[in-house]
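[1] how does the following fold in three dimensions:
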Amino acid sequence: MASFPKGKVFGLGVLSQQRHISAIFLRKIFQKVAKKNIVHSHRGRYGGFSLACKPSEISVKDVIEAVQGSVVLNKCLTCHYQCPKERTCTLRKCLGKIQKELTRQLNNITLENLVLEQKE
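    Predicted coordinates for the structure are as follows:
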């Protein structure tokens with residue numbers, strides 16, 4: 001997906017063969033990614049998907065969160081969970097630092113970066 005320019009329609013069959021991934025699995029993934037406007041879905045005989053933005057504008061974090069939700073190391077780091085030991089837990093503080101760095105790294109890696117690394 002990352003190797004296609006913004007707006008160029010590609011079929012999942014081609015991607016499936018290139019990456020040796022089930023087309024059915026890819027279809028499920030791309031439906032989720034399309035709902036988050038990372039790709040556009042095109043119907044019809046020459047349908048498929050196209051990137052909604054330039055590969056340099058789509059982070060790995062965007063894709064991961066579109067497919068599986070927020071990237072969280074532990075439920076205690078979410079705003080939906082209230083741990084009674086939140087103020088005294090040293091592990092939570094450490095995990096929080098790791099979480100921030102993980103999020104930063106995933107935001108910094110774009111689809112364009114992945115294509116460039118693959119060519120090396």
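[2] tell me which residue of this structure is furthest from the middle?
    Of all residues in the chain, Thr88 has its C-alpha farthest from the mean position, at 33.3 Å, by Cα atoms, centre = their mean.
[3] counting by contacts, list what the longest helix seen in the chain packs against.
    Under DSSP state H, the helix in the chain containing the largest number of residues is helix 90-108. Using 3 or more Cβ pairs under 8 Å, 6 or more residues apart in numbering; DSSP states H and E, the elements in contact with helix 90-108 are helix 60-68. C-beta here means a position set from N, CA and C on the backbone, and glycine is covered the same way.
[4] confirm Val14 sits in a helix?
    Yes: membership of Val14 in a helix is supported by DSSP: H, G, I helix; E, B strand; the rest coil.
[5] any idea how far it is from Cys94?
    From Val14 across to Cys94, the span is 44 Å (Cβ to Cβ, to the nearest Å).
[6] which residues does the nearest residue to Lys35 once chain neighbours are set aside contact?
    Nearest residue to Lys35 in three dimensions, chain neighbours excluded: Ala66, at 7.2 Å (Cβ to Cβ, 6 or more residues apart in numbering). Contacts of Ala66 were listed using Cβ atoms under 8 Å, 6 or more residues apart in numbering, and they are 32-33, 35-36, 38.
[7] check Ala66 and give its pLDDT.
    We note a pLDDT of 97 for Ala66 in this prediction.
[8] ok, the residue most central in space within the chain - contacts?
    For the chain, Val63 is the residue whose C-alpha lies nearest the centre (Cα atoms, centre = their mean; 1.4 Å). Contacts for Val63 (Cβ under 8 Å, 6+ apart) come out as 33, 38, 111.
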